[in-house]
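S.K.: what shape does this take:
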Amino acid sequence: MPIVLFRFFHEVKRTCEQILVHLSLIFTLPLLFISQKQTIAQSRFPVDYFTTPIDTPLKLSGGFAELRNNHLHGGLDFRTGGEEGRPIYAAADGYVGRIRVSGQGYGNCLYIIHPIGYTTVYGHLLTFEEPIRSWVNRRHNELQENELDLFLKKDELPVKKDQLVALSGNTGASGGPHLHFEIRHSETEELINPLWFGLPVEDDVCPTFDCMEIVPIGQGSMVGGKASPHRLQFVQDSVGFWRVKKETMVKGACHVQVKVWDKHKDNELRQGIYKLLLVQGLDTLYSFKADRYAHTETRYANSVMDYEAKMLKNETFYRLFRSPGNHLRLLNSEIGNGILYPKPGENTQYRMIATDFSGNQSECSFTLLGSTVGAGGAGGAGNQRTASASASPQRPEIVIQPNRAIKIEHENVRFQLPAGTIYDTLNTRISIRSGPSGALSPEYSIGNARIPVHQYFPFSIRAPHVPSKLKSKVVAIGTNIKGVQNAHTGTWKGDWFESKTRQLGAFYLALDTIAPRIDMQGKLKSDTMNIGSTLQFSISDARSGIKNFHFYVGEFWNKLIWDAKSATLTARIDEHAPRGNQIACLVVIDAVGNEANLTIPVFIP
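M.R.: Residues are numbered from 1 along each chain as shown. Model prediction:
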């Protein structure tokens, strides 16, 4: 009977606590919404300086600082109705400070510098408008380069507010037609949330919680009786609050990670979260807030997210845990790192609060029950899914710490990791085994590709038997987290091949003597090619990757358009191409100099 009464009063106490929390949020939500609007009005950023760069109501397909593969999203993605060719306008007076033309990244991209100290960026453009287009075409022909990254002087291409500067497109690493728009601090290159500048994006929809995982930290720690992440689904009550139905038993230390997203008014697409808090009582244990960050911080996204879940399953979990090597300024480093230590024998309730930029807010709660059997530590990595590393038991253990440089040397291999290369402490060993057929060296491993790496680090492999005449064709082969092999070019210093990488795992040396492949798309019905006619080619390379390409009509250099998504080159016959019978030639070169050529007889009337 006493046990029954204890459980009864415990449930009553728990229910009362939840009611008080709900009531406090019901009364504070309107104030939060008003406060956010007032904050924008009182912002230190000019809220009426920039106009919208498109002439349709602003709807987002991507938010600021969203967690993307290997980077934070640096701006806002504006929907263009699934179409290319929408007019793009300068957001304010200024001048074009930089122009990029690329088949990757932001594709065709425009940077406009404004006199008040900010730069607006317009990415994935289809084409530039005059006079920008003629300036770009002249530079293509003068430099005989298909891809450009050029910086301009103040008086070369001035622009006015609302001037038509480009048409929207889908160029570069774009998943569909849209405009990528950024606002940067011109001097520091910091990326700033464009919503701070008063852009009219309507939003009255609260964020949505989907599920969470509780992840054990350190030796001996367990969640739900297992030393692996424990997933829990949220349910929403009648008032609109999210919770987990049952407490979870935790032995030792843990952190949590959550799948949560935001949506906007009349917009079915999901965006990332502006603000995310982990709270226990009145104490904030973790805080993420998407206001501004430096471009050099973008890869910290791999520590904010569950890297393995994102890369292998395309699941976006926010880790409410700040790794020792994560110095992203969007995380408040003064309030704690998000490690949870449930007291043995006690229930501890936690809350996660997600807020969008307009002040719409959602909350979820969960309870952890501390195990009374033993206790775990808080050492080691913050996510055990990515903490283990392949190891050779006969070799000494190596401890790689996030904020310390380390040189790892063996008789025929060297790794040099600067401070800040990894996010969590890694215990590993060098592993050596025979390379695959055709390899020029054994395969050397350090850590594994499931562990995210923040920056490039140099490595060297000794191969004294490689003939001098073949050294220029040697690459180091690694394997990424998805199991796909990738090649690293490098240089030779004596018998040592020196390269750099941004991944852990296995590496071996191999030759690349195979030229790229060129396939013409479709067949020519006639050899007659009018000015403006197009030829399309698919290109690929089996090992070191495509480095450059050129197209000639006779002796005339003709611009190519590169689309990395489809590995396609498009040649449009230039108005200055020579007339009459000509030999058109496509030249494709890989990263170690192997070259492929395709010639086509054409007649240009």
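
S.K.: ok, residue 332 to residue 338 distance?
M.R.: Remark: distance between residue 332 and residue 338 (CB to CB, to the nearest Å) = 11 Å. Bear in mind the C-beta positions are built from the backbone N, C-alpha and C, glycine included.

S.K.: tell me the confidence at the residue lying closest to residue 425 once chain neighbours are set aside?
M.R.: Distances taken as CB to CB, 6 or more residues apart in numbering place residue 401 nearest to residue 425, at 5.4 Å, with adjacent residues excluded. For residue 401, the pLDDT comes out at 96.

S.K.: number of residues surrounding residue 401?
M.R.: Neighbourhood size, residue 401 [other CB atoms under 10 Å]: 16.

S.K.: make 187 the starting number, not 1.
M.R.: Happy to do that; since the first residue is 187 now, the last one works out to residue 587.

S.K.: hang on, the earlier thing: intersection of neighbour lists for residue 518 and residue 524?
M.R.: residue 472 (CB atoms under 8 Å, 6 or more residues apart in numbering).

S.K.: so which of those two has more stuff around it?
M.R.: Using other CB under 10 Å as the criterion, residue 518 and residue 524 rank with residue 524 on top: 22 against 14.

S.K.: next, the contact list for the more buried one, please.
M.R.: 441, 442, 464, 471, 472, 505, 506, 507, 508.

S.K.: redo those as CSV? Include pLDDT.
M.R.: As requested, those are exported to CSV (pLDDT from 0 to 100):
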residue, pLDDT
441, 97
442, 97
464, 96
471, 95
472, 96
505, 97
506, 97
507, 95
508, 96
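
S.K.: for residue 642, give its distance to residue 335.
M.R.: Distance from residue 642 to residue 335, counting by CB to CB: 19 Å.

S.K.: centre-most residue in this protein?
M.R.: In the chain, the residue lying closest to the centroid (CA atoms, centre = their mean) is residue 257, at 2.3 Å.

S.K.: quick one, phi/psi of it?
M.R.: Torsion angles at residue 257 (phi, psi; degrees, to the nearest 10) stand at phi -160, psi 160.

S.K.: show me the strands in the stretch 537-686 of the chain, by range?
M.R.: 547-556, 584-586, 592-596, 599-603, 612-614, 617-619, 629-632, 643-648, 660-665, 671-674, 677-679, 682-687 (DSSP state E, counting those that start in this stretch).

S.K.: put together TSV for the ones you listed, with mean neighbour count and distance to residue 375 on each row.
M.R.: Shown next, in TSV, are those (neighbours: other CB atoms under 10 Å; distance: least, CB to CB, whole Å):
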stretch	mean neighbour count	distance to residue 375
strand 547-556	20	32
strand 584-586	16	30
strand 592-596	13	30
strand 599-603	20	26
strand 612-614	21	31
strand 617-619	17	40
strand 629-632	23	32
strand 643-648	20	23
strand 660-665	22	30
strand 671-674	17	28
strand 677-679	12	30
strand 682-687	18	23
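
S.K.: related to what we said a few turns ago, leaving out the residues flanking it, which one is nearest to the residue nearest to the centre of the chain?
M.R.: Distance criterion CB to CB, 6+ apart; nearest residue to residue 257, sequence neighbours excluded, is residue 484 at 4.3 Å.

S.K.: checking the one you found next. Helix, strand or coil?
M.R.: Three-state assignment for residue 484 (DSSP: H, G, I helix; E, B strand; the rest coil): helix.

S.K.: what's near enough to touch residue 649?
M.R.: Counting by CB under 8 Å, 6+ apart, residue 649 touches 598, 626, 627, 660, 681, 683, 695.

S.K.: hmm, I typed the wrong one, I wanted residue 264.
M.R.: Residue 264 is in contact with 239, 240, 244, 245, 246, 247, 364, 365, 367, counting by CB under 8 Å, 6+ apart.

S.K.: those residues: which two are farthest apart?
M.R.: 239 and 247 (14.6 Å; CB to CB).

S.K.: higher neighbour count, the two?
M.R.: Set residue 239 next to residue 247 and count neighbours by other CB under 10 Å: residue 239 wins out with 26 against 19.

S.K.: okay, the more buried one and residue 532: tell me how far apart.
M.R.: Residue 239 sits 54 Å away from residue 532, going by CB to CB.

S.K.: please apply the same query to residue 266.
M.R.: For residue 266, the distance to residue 532 (CB to CB) stands at 54 Å.

S.K.: ok, those two, which is more surrounded?
M.R.: Set side by side, residue 266 and residue 532 show more neighbours around residue 266, with 25 against 10, by other CB under 10 Å.

S.K.: that one contacts residue 360, correct?
M.R.: No. The criterion here is CB atoms under 8 Å, and residue 266 misses it with residue 360 at 10.9 Å.

S.K.: now the contacts of residue 264: which count as buried?
M.R.: The neighbour count (16 or more other CB atoms under 10 Å) marks 239, 240, 244, 245, 246, 247, 364, 365, 367 as buried among those.

S.K.: part of a helix, is the second one?
M.R.: In this case it means residue 240. No. Counting by three-state DSSP, residue 240 is not found in a helix; it is coil.

S.K.: tell me the pLDDT at it?
M.R.: We have a pLDDT of 97 for residue 240.

S.K.: and the helices in this protein?
M.R.: Under the criterion DSSP state H, the chain contains helices at 188-227, 318-329, 487-490, 493-499.

S.K.: just to revisit the earlier point, distance to residue 550 and neighbour count for the contacts of residue 524 - can I get that in a markdown table?
M.R.: Shown next, in a markdown table, are the contacts of residue 524 (distance: CB to CB, whole Å; neighbours: other CB atoms under 10 Å):
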| residue | distance to residue 550 | neighbour count |
| --- | --- | --- |
| 441 | 16 | 25 |
| 442 | 10 | 27 |
| 464 | 10 | 24 |
| 471 | 15 | 22 |
| 472 | 14 | 24 |
| 505 | 16 | 25 |
| 506 | 12 | 26 |
| 507 | 17 | 26 |
| 508 | 20 | 27 |
